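K.L.:
Below are the sequence and a predicted model for it; my questions follow.
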Amino acid sequence: MNRPLRRFNPMISAFRRAPLSFELTTTYTGKQKMVLIARTADGDDVARAHPFAQDLQAMGRVIVVSVEFDVSSLAVLASDDAAFEWNDPMSPYPLIDFWNTQLSK
């Protein structure tokens with residue numbers, strides 16, 4: 001019986017596999033942070049990644065950055081106030097400010 005091929009999705013794979021390699025280090029005892037940087041987002045992929053993102057949020061902070069597209073479609077994957085829309089990749093300063101804020105939480 002021929003089964004339909006599933007397309008590989010890096011977003012879902014990243015959220016699903018991250019807990020497998022999660023471990024606290026001896027030099028860092030706080031909660032971990034995961035960062036997703038994306039140039040596109042498919043609604044079905046985001047919906048399928050959502051339960052995995054919730055699992056990661058229980059372990060730490062999930063930070064999402066959209067590059068040159070509306071971040072609202074990805075915001076459901078992020079921790080509170082951890083979604084950023086980076087519209088000008090030639091200007092890193094808004095992203096740097098966002099990182100500094102997020103990494104200090």
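P.N.:
Right, received. Where do you want to start? Residues are numbered from 1 along each chain as shown.
K.L.:
Can you report phi and psi for Ser104?
P.N.:
For Ser104, the backbone dihedrals are phi -90, psi -10 (criterion: degrees, to the nearest 10).
K.L.:
Work out which residue lies at the spatial centre of this protein.
P.N.:
Leu36 (3.1 Å; Cα atoms, centre = their mean).
K.L.:
Which residue comes closest to it once chain neighbours are left out?
P.N.:
Leaving aside its sequence neighbours, Leu36 sits nearest to Val64 (Cβ to Cβ, 6 or more residues apart in numbering; 4.9 Å). Any C-beta I mention is one placed from the backbone N, CA and C, and that applies to glycine too.
K.L.:
going on from the helix or strand that neighbour falls within, what's the next piece of helix or strand?
P.N.:
Using DSSP states H and E, Val64 sits within strand 60-67. The element immediately downstream of strand 60-67 (helix or strand, assigned by DSSP H and E) is strand 83-86.
K.L.:
Kindly spell out which helices and strands sit in contact with the lowest-mean-pLDDT helix or strand in the chain.
P.N.:
Here the helix or strand of the chain ranked lowest by mean pLDDT, DSSP states H and E is helix 10-17, holding a mean of 74. Counting contacts by 3 or more Cβ pairs under 8 Å, 6 or more residues apart in numbering; DSSP states H and E, helix 10-17 packs against strand 32-38, helix 43-59.
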